[in-house]
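1. Structure here, sequence nowhere to be found:
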Ligand SMILES: [Fe+2]
């Protein structure tokens, strides 16, 4: 088996099941208040006081919990200021209502109807209510948790997810980055890069409502982040069956936080209640890495070279090499309200737009228009 380039057909569900069969030894996590179903449970006040004594000890333990540990932990009472949570919840309701009235606010990652989504809730809340923003993000423990996984200089984003009565469970999956890509794309990344990618984001959820089991809190499969080939595995029926057999759910209270390694297999649960709306603010936090040293204005580069590129009849390999240097090759970051994914889970990249333009022999004027439109809809 090629250890650098994996293929979907090489995966073995038995290996995955063995990885996920580990048992948590809570004594290895002395700051935890307890554990349930292989998930570490922390209390916000005790973590904060431990951090005052020895911040590095807290950062280290939380990091281990997400990497060599079960890959997930809960912080009870992450928000003791429930008024701040409620104030944000009221804003979420207002935003959901306004966006629904404007015909937008869709969720490309769930079936329409019983699911509400606010993309870029971080910016939308800040623009509507500065005090609400400050009262929500002034949480020192949230900062410690982000730093434990990502180090300093991380960048916060937030997406609200609301699952109404009758809302259906998601399929198990991994999250951003590679969790959004097709297997065809994932296979092109060397395995060490696939593994590394989990260190570039942290996935969190703040409960804005109480979440009893029947309201469908996230189904989680502890340890599954350790299965190295997992980005190619989660669509496979055998792996889905294994997930469904072993996944666990924990009830949460308003103000609790759930944090997990983005490589952990998980899925939103069924909301089988008649009357309970389940609302979480999903925090997706990114590492300061993965950015270039210089800011290149790719629009100017492309406007400059497109007419000449169109004239040339470059062979495929040369054309690909030029495109790779001239245009941006990644779908993110973008504005998911105005630049939704086409077909799959990822919006069109600048490179794909350029390739399309060359294939269809767009005039430079038309290309510049399309490029401007593509750029505009990706702005926040
Ligand atoms: Fe997810």
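-> Done, it's in. The structure displayed is predicted, hence computed values, not measured ones. Numbering: from 1, shown residues only.
2. hey, let's count contacts and neighbours off CA atoms from now on
-> OK.
3. Tell me where this protein is predicted with low confidence.
-> 1, 105-106, 108-113 (pLDDT under 70).
4. can you give me the helices in it?
-> 13-20, 44-53, 55-66, 82-101, 121-128, 130-137, 140-150, 183-186, 191-197, 237-246, 298-311, 316-326, 350-359, 364-377 (DSSP state H).
5. Switch those helices over to CSV; also include mean neighbour count.
-> CSV is the format used below for these (neighbours: other Cα atoms under 10 Å):
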stretch, mean neighbour count
helix 13-20, 16
helix 44-53, 15
helix 55-66, 19
helix 82-101, 16
helix 121-128, 16
helix 130-137, 16
helix 140-150, 20
helix 183-186, 15
helix 191-197, 16
helix 237-246, 16
helix 298-311, 14
helix 316-326, 13
helix 350-359, 18
helix 364-377, 15
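6. who wins for proximity to residue 276 among those?
-> helix 82-101 (14.6 Å; Cα to Cα).
7. nearest to residue 216, of the helices of the chain?
-> Residue 216 lies closest to helix 237-246 among these, at 13.9 Å (Cα to Cα).
8. ok and that closest one relative to helix 13-20, angle-wise?
-> 30 degrees (axes from the mean of the first three to the mean of the last three Cα atoms, to 10 degrees).
9. Can you get me the centre-to-centre distance for helix 237-246 and its chain?
-> Averaging C-alpha positions (Cα atoms, centre = their mean, to the nearest Å) puts helix 237-246 21 Å from its chain's average.
10. quick one: the residue nearest to residue 361 when sequence neighbours are not counted from residue 351, how far?
-> Leaving aside its sequence neighbours, residue 361 sits nearest to residue 310 (Cα to Cα, 6 or more residues apart in numbering; 7.1 Å). Per Cα to Cα, to the nearest Å, residue 310 is found 15 Å from residue 351.
11. swap in residue 209?
-> Between residue 209 and residue 351 the distance, using Cα to Cα, works out to 42 Å.
12. need the contact list for the residue nearest to the spatial centre of the chain.
-> In the chain, the centroid-proximal residue (Cα atoms, centre = their mean) is residue 176; its distance is 4.2 Å. By Cα atoms under 8 Å, 6 or more residues apart in numbering, the contact list for residue 176 reads 201, 262.
13. in the chain, what residue sits furthest out from the centroid?
-> residue 311 (40.9 Å).
14. Verify the stated contact: residue 165 with residue 271.
-> Yes: when contacts are counted by Cα atoms under 8 Å, residue 165 is listed as touching residue 271 (5.4 Å).
15. which residues do these two both contact?
-> residue 215.
16. Which one's more surrounded, those two?
-> When residue 165 and residue 271 are compared for neighbours, residue 271 comes out ahead with 25 against 20, by other Cα atoms under 10 Å.
17. Not counting residues beside it along the chain, what's closest to that one?
-> residue 215 (4.2 Å).
18. Next up, the contacts around the one you found.
-> Residue 215 touches 165, 269, 270, 271, 272, 273, 276, 277, 278, counting by Cα under 8 Å, 6+ apart.
19. Let me know the closest of the residues you listed to residue 78.
-> After measuring the contacts of residue 215 against residue 78 - Cα to Cα - the closest member comes out as residue 278, at 17.6 Å.
20. need the contact list for the closest residue to the closest one other than its chain neighbours.
-> The shortest distance from residue 278 to any non-neighbouring residue, by Cα to Cα, 6+ apart, is to residue 163 (5.1 Å). Counting by Cα under 8 Å, 6+ apart, residue 163 touches 114, 115, 116, 271, 277, 278, 279.
21. Recalculate using a threshold of 6 Å.
-> By Cα atoms under 6 Å, 6 or more residues apart in numbering, the contact set of residue 163 is 115, 277, 278.
22. where does the last one sit relative to residue 77, distance-wise?
-> Between residue 278 and residue 77 the distance, using Cα to Cα, works out to 17 Å.
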